[in-house]
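> what follows is a protein structure lacking sequence information:
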C-alpha cells in the first residue's frame with residue numbers, strides 16, 4: 001500500500017507587521033552630476049522631480065543596507081529575529097553572483113537557519129517578494145518572512161550616461177510578513193514582457209568585461225519607451241490590482257508606486273482618479289530611484305511622516321527591467 005503524503009497548510013490570511021529602512025549615507029544634489037551629462041539642475045527636476053538622491057559610501061554594499069533595513073523591520077514588528085524562517089532579498093546589485101545577499105543577511109540579523117533566496121525582478125522585486133511571502137505563509141512553508149528590496153545602483157551607473165545615471169540612488173527597505181486573522185495582503189497582479197528586454201538593461205555582459213571586449217557593464221534605458229509603457233500599461237495593472245482586492249480608489253489611504261519618475265507618479269494619480277484624501281508617496285524627490293528598494297523606502301517614509309495611515313489600505317506597484325511588473329493592495333501596519 002502506498003503511503004499518503006502529508007501536505008503543509010498555513011493560515012488563511014497574512015499581513016505586513018512592520019517596515020525598516022536604510023538609505024545611502026551621502027546626499028548627492030543634481031549639481032554634482034550635471035557636468036558629465038551636459039545638463040542642468042532645472043532639466044533634471046523638470047524631467048524627473050528629483051532634487052537630490054542618496055548614495056552609499058564606497059565600502060557599503062547592498063548587503064549592509066539590507067541587513068540594516070531588515071533589522072529595523074524585525075524590531076518594529078515585535079517578533080524575535082529567530083522567528084523569521086525565510087528571508088527574500090530583491091536586488092540587481094549583489095556585489096557577487098553568489099552567494100545570495102539573503103543568506104548573509106539572514107545570518108547577520110539573527111535569523112539563521114532561515115530559508116533564504118534572492119529575487120531578480122528589478123523595480124518590481126519588492127512587490128514580487130510580498131506576493132511570495134504571502135503564498136509561502138498561507139501554504140505552511142513559513143511563518144514569518146522578511147522581504148527586502150536592497151540596491152547599490154551607484155556601482156553600476158556610468159556618470160556620463162544621460163538615459164538613467166542621474167535617476168539612481170542607493171538604499172534598502174524591508175518588511176516582515178506574518179499570519180493574520182483578517183486579509184492584509186490582496187491578490188497580486190503581476191507579469192512580464194520579455195519582448196521589451198532591451199528597454200532597461202546592462203550595456204555589456206560580465207563575460208565581455210572579463211575578456212577585455214567591453215568596459216564594466218552599467219545600466220541603460222530607452223527613456224521614452226519605458227515612460228510610455230509605465231504611464232499607459234501600468235495604470236491598467238494598478239486598476240486590476242484594485243479590482244482584484246475588491247476596493248475602489250476612494251478606499252485607499254495611500255498610493256505607493258515605484259519611485260521611477262515624478263511625472264509618471266502624477267500621471268498615475270490622474271488616470272486612477274485618486275481623490276485628494278489618498279496620500280501619494282513622492283520619496284523620489286530626495287532619495288532618487290532605488291529600484292527594488294523604492295516601494296518599501298517610500299512606505300517607511302510615509303508611515304513616519306503620516307502615522308495616521310496605520311491600518312489603512314495602500315496600493316503598491318513596481319515595474320522595471322524585464323520588463324516586469326507587480327501590484328497589490330496591502331494593509332499598512
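Noted; the coordinates are in hand. It should be emphasised that the depicted structure is a prediction, and the values quoted were computed from it without experimental measurement.
> got the phi/psi numbers for the residue lying closest to residue 168 once chain neighbours are set aside?
The shortest distance from residue 168 to any non-neighbouring residue, by C-beta to C-beta, 6 or more residues apart in numbering, is to residue 153 (4.1 Å). Yep, even glycine has a C-beta here, placed from its N, CA and C like the rest. Backbone torsions for residue 153, taken as degrees, to the nearest 10, come to phi -70, psi -20.
> residue 153: neighbouring residues, count only.
29 (other C-beta atoms under 10 Å).
> can you pull the pLDDT of it?
In this prediction, residue 153 carries a pLDDT score of 97.
> now do residue 323
At residue 323, the pLDDT value in this model is 96.
> ok, now residue 82?
We have a pLDDT of 98 for residue 82.
> measure it to residue 76 for me?
The gap separating residue 82 from residue 76 is 17 Å, by C-beta to C-beta, to the nearest Å.
> so which bits of stretch 199-218 are buried?
Under the neighbour-count criterion of 16 or more other C-beta atoms under 10 Å, stretch 199-218 has 199, 200, 201, 203, 217, 218 buried.
> center of this structure - which residue?
residue 292 (2.9 Å; C-alpha atoms, centre = their mean).
> isn't it up against residue 92?
Yes: judged on C-beta atoms under 8 Å, residue 292 makes contact with residue 92 at a distance of 7.0 Å.
> who touches both of the two?
Taking C-beta atoms under 8 Å, 6 or more residues apart in numbering as the criterion, residue 292 and residue 92 both touch 122, 125, 151.
> narrow the residues you listed to those in helices?
Using DSSP state H, the subset of these located in helices is residue 125.
> of the shared contacts of residue 292 and residue 92, keep whichever come out buried.
The neighbour count (16+ other C-beta under 10 Å) marks 122, 125, 151 as buried among the shared contacts of residue 292 and residue 92.
> what's the pLDDT at the second one?
Turning to residue 125, the model gives it a pLDDT of 98.
> just checking, it touches residue 119?
Yes: counting by C-beta under 8 Å, residue 119 is a contact partner of residue 125 at 5.1 Å.
> hey, what's in contact with both of those two?
In contact with both residue 125 and residue 119: 90, 91, 292, using C-beta under 8 Å, 6+ apart.
> how close does the first one sit to residue 119?
This points to residue 90. Distance of residue 90 to residue 119, computed by C-beta to C-beta: 4 Å.
> who's the nearest residue to residue 115 once chain neighbours are set aside bridged to?
Nearest residue to residue 115 in three dimensions, chain neighbours excluded: residue 86, at 4.4 Å (C-beta to C-beta, 6+ apart). Residues in a beta bridge with residue 86, per DSSP bridges, are residue 115, residue 145.
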